[in-house]
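J.: Attaching a predicted model along with its sequence, questions to come.
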Amino acid sequence: MKVTIDGIAIDVEPGTTILNAARQIGGDIVPPAMCYYSKLKDSGGKCRTCLVKVSKGSEKDPRPMPKLVASCRTTVMDGMEVQNITSPEVLEARKGIVEMLLVNHPLDCPICDQAGECDLQNLSYGHGVAKTRYEFDRRTFEKIDIGDKIQLHMTRCILCYRCVFTADQITDHRIHGILNRGDHSEISTYIQAAVDNDFSGNVIDVCPVGALTDRTFRFKNRVWFTKPVDAHRDCDHPGCNGKVTLWYKGEEVLRVTARKDQYGEVEEFICNTCRFDKKKTSDWVIDGPRHISNKSVINANHYDFVPLPVVKTNPVLIEANKEQFERDTRL
Amino acid sequence: MARKLLLTNINVPGINTFDVYRANGGYASVEKALKTMSPDEIVEEVKKSGLRGRGGAGFPTGMKWSFLAKPEGVARYLVCNADESEPGTFKDRYLMTYIPHLLIEGMIVASFALGAKTSYIYVRGEMMPQIRILEKAIAEAKNKGFLGKNILGTGYDLELYVQPGGGAYICGEETALLESLEGKRGNPRIKPPFPAIAGLYGCPTVVNNVESIAAVVPIINEGGEEYAKIGIGRSTGTKLISAGGNVKNPGVYEIDLGLPVEEFLYSDEYCGGIANGKRLKAVVAGGSSVPILPANLFLKTINNEPRLMSYESLADGGFVSGTMLGSGGFIAYDEDQCIVRNTWNFTRFYHHESCGQCSPCREGTGWMEKVLHRLEHGHGKLSDMDLLVDVSKKIEGNTICPLGDAAAWPVASAIRHFRDEFEWHVTNGAEAVTRNFGLAHYADPLPKKEETVA
């Protein structure tokens, strides 16, 4: 199926969503996504940051779609034409969505463990406005520890439902979910039951903001001071293949996460033993340093540095310039 | 006096019981449909009648029925949406309370037309008395052989269930209703797939409003073409309007679509004018989610033609100078009502009822409510009006379900038409908490349309 996104045509499989087609093209035309997670079925459609304009429905039915559509849940049709960054309407709507997402977000990045690898932070730098027009109190919640390894800081949550889908699809039973509705809805375990099963730690990785954080890493360090290294071990847990990223500070492994791709999505989910219990280098076989895009703040202090060309003084040029200058200023 | 189709026998004592209803010609359509018509003929008849969904969107019911996917070996469902929670609308509750058998009769015919073996009536949780009434009526109909196995010896089986909801406005959105009916959290689904393809339990489903289903009964009894003669243009048939607010005779009225709004509002047969001899200031024509209009624009369209109670005429002028028929929740405001307070009240409702699934509606409704609260209590700023319009624009059309639109329209339209009043609330903040703005120029005749000289 042929689909054109911002003037770039690509052939994709039937059933591909617009977002995935854009990801196959790559580059600036990929809409940002806060709630969609390619590894989780049924995710997406909620945050509305990936809205795009369909200016031509398909070859058969060339009418444009009346509203902006969520690209993560809209499948492509043959001959579809999509506008993302070429449509001012989309950019305006996206700016609005980012502002809405930040309305009840505490913006406590300076004390948030997620800062530096936070999807919302990236999104608001990339697509938001510098100043908020919101002048009221933001909703707040108490922090709760769900289990001994995970802390839930609901105040930061943007209700993407990713962790709910994770618990549904990765773990054998889900005991947390959404309570209440509207802007006072919250992720909760109801009577603060502990989230306790072998894959529960993955909710930390899928959380796009700092609402679910690793208690073993809390306030240990900023992510951009740590050094990511790919490693693996023979994990005896079925369903976990032990491929992880270790985050080093000096000699010490501060935390273990799953390996994330360029869209911040994990490549494979890992079990809690790998994540929380194996924090010695001797537990792991090191595969090599993890490549981090040089646009990421995690790459601070170790940029891929290209030295600037050194300008040498050229006596011939200086002489020529002097003659030119004198000629032009004589009159 | 216009002819009534739905509420013909509403004043017959004991019409809520099966025997009286049957003696007054009830269940004739079931006999006619099941014994002499095929399901496709019924759908065709409904299509011919031009009946449009009475729940608010006005989508042709016959079309909706014909879109229903009919794969072999998969159950189909008919769900009646009785989750009526729009502020200002109470027609379905009235219908269910006083003639429950009309709804059940319509359900049997419609289920037969769609080939549904199990049908549900999803009733809003607060309407417990109506749920009891419906359950009693279903038991009566079952006793007489109109429900259950082998109805009237035709070999058609139908089970009808009443399901109380939890009392959430969002569950009136059809996919949220289906989620709730399945026992899940009432979050609207992302469309497509539409319920006609994958609805309740993943099976093809039709969701219809109470009044749409009840209207099937006169359509079958008299024929679709006969029904289509009532009304005007593409707005055919009769419509229940629940009149409320500052009218002399509030209540549920059955009108022929195409009735002039002036007649509806001022004649003694219907609302009887504004209560206490006051003057009309503004009207919400179809339940809280449609744009509010000032008196002058409501009675006349922008071209100075009288406005009629029909889908097209009320929408004349688009959102600039028109509104929508919506679900028929007619609210009139007299000169002593404050539009700012009313808008705040509506927004408070939408803030409370937003499901919290998608971000523009979840955060935007709360934001608008806070700004309007500030305006109403005299602490507003002049920039707030532009802020509200901007926020409502950012919500409108960017959400999963129409609740976002419904929350945005009343705010945007109130500021469009009543900006003076909003500004007065800012400039005279202290005065605004003690008295109201009054009628101002909102009932002045519209300026003559300028003739362009060729």
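T.: In hand now; what should we look at?
J.: ok, whatever residue of chain B ends up closest to chain A - how many residues close by?
T.: Relative to chain A, the nearest point of chain B is B:Lys394 (3.1 Å; Cβ to the nearest Cβ). Any C-beta I mention is one placed from the backbone N, CA and C, and that applies to glycine too. When neighbours are counted by other Cβ atoms under 10 Å in any protein chain shown, B:Lys394 registers 24.
J.: same question, B:Thr36
T.: Neighbours around B:Thr36, by other Cβ under 10 Å: 8.
J.: Quick check: the gap between it and B:Leu114.
T.: Applying Cβ to Cβ, to the nearest Å, the value for B:Thr36 to B:Leu114 is 18 Å.
J.: about what we covered before: is the residue of chain B closest to chain A in contact with A:Val98, as I believe?
T.: No: counting by Cβ atoms under 8 Å, B:Lys394 sits too far from A:Val98 to count as a contact (10.1 Å).
J.: on that earlier part again, under a three-state scheme, what state does the residue of chain B closest to chain A occupy?
T.: helix (DSSP: H, G, I helix; E, B strand; the rest coil).
J.: measure stretch B:43-59 end to end?
T.: Across stretch B:43-59, the terminal residues are separated by 15 Å (Cα to Cα, to the nearest Å).
J.: re earlier: which residues does the residue of chain B closest to chain A contact?
T.: A:Ala93, A:Gly96, A:Ile97, A:Glu99, A:Met100, B:Pro360, B:Gly364 (Cβ atoms under 8 Å, 6 or more residues apart in numbering or on different chains).
J.: what's the closest of the residues you listed to A:Met80?
T.: A:Ala93 (19.1 Å; Cβ to Cβ).
J.: so which helix or strand takes in the closest one?
T.: helix A:88-103 (DSSP states H and E).
J.: residues making contact with that helix?
T.: Residues from elsewhere that reach helix A:88-103, judged by Cβ under 8 Å, 6+ apart: A:32, A:34, A:47-49, A:51-53, A:68, A:83-85, A:120, A:123-124, A:127-129, A:132-134, A:138, A:158, B:359-360, B:362-364, B:366-367, B:390-391, B:393-394, B:398.
J.: is chain A contacted by the worst-scoring helix or strand of chain B on mean pLDDT?
T.: When the helices and strands of chain B are compared on mean pLDDT, DSSP states H and E, helix B:318-321 comes out lowest with a mean of 87. No: using Cβ under 8 Å from any Cβ of the partner chain, helix B:318-321 stays clear of chain A, coming no nearer than 14.2 Å.
J.: Please name the bridge partners of B:Val284.
T.: When bridges are taken as DSSP bridges, the partners of B:Val284 come out as B:Ile292, B:Ile331.
J.: Surely it is in contact with B:Val290?
T.: Yes: with contact defined as Cβ under 8 Å, B:Val284 counts as touching B:Val290 (6.3 Å).
J.: what do the two both touch?
T.: B:Thr323, B:Pro410.
J.: before we move on, the earlier item: tell me which other helices or strands the least confident helix or strand of chain B touches.
T.: Under the contact criterion of 3 or more Cβ pairs under 8 Å, 6 or more residues apart in numbering or on different chains; DSSP states H and E, helix B:318-321 touches helix B:403-417.
J.: Quick check: next helix or strand after the helix it packs on?
T.: In N-to-C order, the element after helix B:403-417 by DSSP H and E is helix B:419-427.
J.: Please tell me how far that next one is from the chain's geometric centre.
T.: In this view, helix B:419-427 has its centroid 31 Å away from the chain centroid, taken as Cα atoms, centre = their mean, to the nearest Å.
J.: tell me the SS of A:His291?
T.: Per three-state DSSP, A:His291 ends up coil.
J.: Just the C-alphas of the helix or strand of chain A with the lowest mean pLDDT, formatted as PDB.
T.: Least confident helix or strand of chain A, by mean pLDDT, DSSP H and E, is helix A:315-329 with a mean of 81. Extracted C-alpha coordinates of helix A:315-329, given in PDB (Å, rounded to 0.1, in the frame of the first residue of the first chain):
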ATOM      1  CA  PRO A 315      49.400  35.800   3.300                       C
ATOM      2  CA  VAL A 316      48.200  35.800  -0.300                       C
ATOM      3  CA  LEU A 317      44.600  36.400   0.700                       C
ATOM      4  CA  ILE A 318      45.500  39.100   3.100                       C
ATOM      5  CA  GLU A 319      47.500  40.900   0.400                       C
ATOM      6  CA  ALA A 320      44.700  40.600  -2.100                       C
ATOM      7  CA  ASN A 321      42.100  41.900   0.300                       C
ATOM      8  CA  LYS A 322      44.300  44.900   1.100                       C
ATOM      9  CA  GLU A 323      44.500  45.800  -2.500                       C
ATOM     10  CA  GLN A 324      40.700  45.300  -3.000                       C
ATOM     11  CA  PHE A 325      40.000  47.500   0.100                       C
ATOM     12  CA  GLU A 326      42.200  50.300  -1.100                       C
ATOM     13  CA  ARG A 327      40.700  50.200  -4.600                       C
ATOM     14  CA  ASP A 328      37.100  50.400  -3.200                       C
ATOM     15  CA  THR A 329      37.800  53.200  -0.700                       C
END
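J.: Which strands and helices lie in contact with it?
T.: Where contact means 3+ Cβ pairs under 8 Å, 6+ apart, helix A:315-329 is not packed against any helix or strand.
J.: Which helix runs longest in chain B?
T.: Ranked by residue count, the top helix of chain B under DSSP state H comes out as helix B:359-376.
J.: tilt between it and helix B:403-417?
T.: On the basis of axes from the mean of the first three to the mean of the last three Cα atoms, to 10 degrees, helix B:359-376 is oriented at 30 degrees to helix B:403-417.
J.: and helix B:359-376, how far from the chain's centre?
T.: Distance of helix B:359-376 from its chain centroid, counting by Cα atoms, centre = their mean, is 24 Å.
J.: re the thing from before, out of the contacts of B:Lys394, which is most surrounded?
T.: B:Gly364 (33 neighbours).
J.: Next, the contact list for that residue, please.
T.: Per Cβ under 8 Å, 6+ apart, neighbours of B:Gly364: A:Met100, A:Val103, B:Val391, B:Ser392, B:Lys394, B:Ile395, B:Gly404, B:Ala407, B:Ala408.
J.: Over to B:Val123?
T.: B:Ala82, B:Asp83, B:Met96, B:Gln130, B:Ile131, B:Leu134, B:Val162, B:Gln163, B:Pro164, B:Gly165.
J.: Test of understanding: give the bridge partners of it.
T.: Beta-bridge partners of B:Val123, as defined by DSSP bridges: B:Ala82, B:Pro164.
J.: What separation do you get for it and B:Lys142?
T.: According to Cβ to Cβ, B:Val123 stands 18 Å off from B:Lys142.
J.: same question, A:Thr281
T.: A:Thr281 is 73 Å from B:Lys142, by Cβ to Cβ.
J.: quick one on the thing from earlier: where neighbours are concerned, which of the contacts of B:Val123 has the most?
T.: The contacts of B:Val123, ranked by neighbours (other Cβ under 10 Å): first place B:Asp83, 33 neighbours.
J.: and B:Ala275, backbone torsions?
T.: Backbone torsions of B:Ala275, given as degrees, to the nearest 10, read phi -70, psi 150.
J.: Can you report how many residues lie near it?
T.: For B:Ala275, using other Cβ under 10 Å, the count is 15.
J.: and it, what is it in contact with?
T.: B:Asn246, B:Val247, B:Lys248, B:Asp334.
J.: Quick check: A:Ile270 touching A:Lys243?
T.: Yes: A:Ile270 lies in contact with A:Lys243 (Cβ under 8 Å); the separation is 7.4 Å.
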